[in-house]
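[1] Here's my sequence, what's the structure:
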Amino acid sequence: MKSRKVQIAVSLAITVIALAYCLYGVDLGEVVRAVGDARPIWLVPLMVLAGLSLWVRAVRWRVILETLGPLGDTPVLEATCIGFMGNMVLPLRAGEVIKPIVAARAGKVTVAAALATVAIERLLDLVMLAAFASITLALVPTDDTLRAVSKVMLVMTAVALAGLLVAIRFAAPIEGFVERASARLPDGLAGAVREGARGFLVGVQGLASPRPLVLAFVTSALIWLLTVAGFSVGALALGIQAPLIALGFAVTVIVAAAVSVPSAPGFVGVFWAGSQMALALFGISKSTALTYGLLNWVFQMIVILALGMWALARLNVSLGDMAQAAKSAERAA
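    Numbering: from 1, shown residues only. As a prediction, this is how the structure comes out:
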């Protein structure tokens, strides 16, 4: 419980710092004018792209989950939508753990194994973002912030890929080590550790096969290309004069890096700060950039919350059930 309070305190502190950065030197009158000048015609495609991105994420997760065995009627799309909604309304990104809990309700996969596949998803995202960072450096005039972000991502990706290769090559010895180490744990925890390790190892080994590997990388690339497109459309909505493709890539990479740090639910503050940092590369004022960040954030939030509520209704679970799932996940962790 103390650790949780510390994590929440750190997240709130980072959010306050990000908000201070967002508002420093901002002309609120310019923000209001930019909102008034927004072109509504571009807001629909902005939301469509956000929804498509969530759907493709669900497709990718199903590909990874299927390496564990037949899924039957496992609600992968619904779990994905509820998980993203959880990240927006609950602290400490509880949605990342709620997602596998919801998927496990169908009884085809355990919570621990499904949670392990979420880790594989994050590794795939990291690889894609590193590739996109390299593309961004080619499209955008060199900048210290962008170079620093790209270097960090490249190092993290190299470590992640090395870990994946080790997991694939030495899966059996690793599983044996986990089996021996978990024998010292209480029965319930030992079972969860073993199942989680097995899910991760089986998942990465399954991705070593051509079909799931290609599908995983194609869907990962599509997820982030849709994100680039969404940020480009956001610029069109505000009439921002900048190379749209370069802007879309730069915002995607820098905002992704910004929201990776601990923050309040919904990435409040850090999302907008990342948007401002990215648009500064193109000479866009902080005031316009704040409007841009708010616009993209609000309409993505609308889509995520709407799809999350749809998924909750479809599975006949409530927000209270989701909160309880978060508490259960905390105890399991």
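
[2] Helix, strand, or coil at Ala208?
    Under DSSP: H, G, I helix; E, B strand; the rest coil, the three-state class of Ala208 is coil.

[3] And the one 5 residues further on, by the same measure?
    Three-state assignment for Leu213 (three-state DSSP): helix.

[4] shouldn't it be in contact with Leu207?
    Yes - counting by Cβ atoms under 8 Å, Leu213 does reach Leu207; the two are 4.9 Å apart. From N, CA and C alone the C-beta is placed, and that goes for glycine too.

[5] Who has more neighbours out of the two?
    Per other Cβ atoms under 10 Å, whichever of Leu213 and Leu207 has more neighbours is Leu207, with 23 against 13.

[6] Now do that one against Ala162, distance only.
    In this view, Leu207 and Ala162 are 15 Å apart by Cβ to Cβ, to the nearest Å.

[7] what's the answer for Phe200, then?
    15 Å.

[8] Looking at those two, which has the bigger crowd around it?
    Each of Phe200 and Ala162 has its neighbours counted (other Cβ under 10 Å); Phe200 has more, 24 against 10.

[9] Identify the residues contacting the more buried one.
    Residues near Phe200 by Cβ atoms under 8 Å, 6 or more residues apart in numbering: Ala116, Thr117, Ala119, Ile120, Ala167.

[10] cool, Ile245 as well?
    Contact analysis of Ile245 by Cβ under 8 Å, 6+ apart lists Leu139, Val228, Ser232.

[11] let's go with 7 Å and repeat that
    When contacts are counted by Cβ atoms under 7 Å, 6 or more residues apart in numbering, Ile245 touches Leu139, Ser232.

[12] ranges for the helices of the stretch 1-150 of the chain?
    2-23, 28-36, 43-65, 76-89, 95-104, 111-139, 144-169 (DSSP state H, counting those that start in this stretch).

[13] ok and the fourth one relative to helix 95-104, angle-wise?
    It refers to helix 76-89. For helix 76-89 against helix 95-104, the angle between stretch directions is 150 degrees (axes from the mean of the first three to the mean of the last three Cα atoms, to 10 degrees).

[14] which strands and helices sit next to helix 76-89?
    helix 43-65, helix 95-104, helix 286-315, helix 319-332 (3 or more Cβ pairs under 7 Å, 6 or more residues apart in numbering; DSSP states H and E).

[15] mind running it again at 10 Å?
    helix 43-65, helix 95-104, helix 111-139, helix 286-315, helix 319-332 (3 or more Cβ pairs under 10 Å, 6 or more residues apart in numbering; DSSP states H and E).

[16] what angle separates the second one from helix 286-315?
    In this structure, helix 95-104 runs at an angle of 20 degrees to helix 286-315, with the same axes, to 10 degrees as the basis.

[17] can you pull the buried residues of helix 95-104?
    Under the neighbour-count criterion of 16 or more other Cβ atoms under 10 Å, helix 95-104 has Gly95, Glu96, Val97, Ile98, Lys99, Pro100, Ile101, Val102, Ala103, Ala104 buried.

[18] Now tabulate those in a markdown table and tack on pLDDT and distance to Ala50.
    A markdown table is the format used below for the buried residues of helix 95-104 (pLDDT from 0 to 100; distance: Cβ to Cβ, whole Å):
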| residue | pLDDT | distance to Ala50 |
| --- | --- | --- |
| Gly95 | 86 | 16 |
| Glu96 | 87 | 19 |
| Val97 | 84 | 23 |
| Ile98 | 89 | 20 |
| Lys99 | 92 | 17 |
| Pro100 | 89 | 22 |
| Ile101 | 89 | 24 |
| Val102 | 91 | 20 |
| Ala103 | 92 | 21 |
| Ala104 | 89 | 26 |
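
[19] and which of those is nearest Leu46?
    Gly95 (21.7 Å; Cβ to Cβ).

[20] what about the spatially closest residue to the closest one that is not a sequence neighbour, distance to Pro265?
    In space, and not counting its chain neighbours, Gly95 is closest to Gly86: 2.7 Å by Cβ to Cβ, 6 or more residues apart in numbering. Distance of Gly86 to Pro265, computed by Cβ to Cβ: 9 Å.

[21] Between those two, which contacts overlap?
    The overlap between the contact sets of Gly86 and Pro265 (Cβ atoms under 10 Å, 6 or more residues apart in numbering) consists of Arg93, Ala94, Gly95.

[22] you'd agree the second one is up against Val102?
    No - the pair Ala94 / Val102 is not scored as a contact, 11.9 Å apart, by Cβ atoms under 10 Å.

[23] Tell me where the model's unsure across the stretch 101-250 of the chain.
    Counting by pLDDT under 70, the stretch 101-250 of the chain shows low-confidence ranges at 141-143, 145-146, 187-188, 192, 196, 199, 203.

[24] Phe170 contacts Phe177, doesn't it?
    Yes - between Phe170 and Phe177 there is a contact at 9.3 Å, judged by Cβ under 10 Å.
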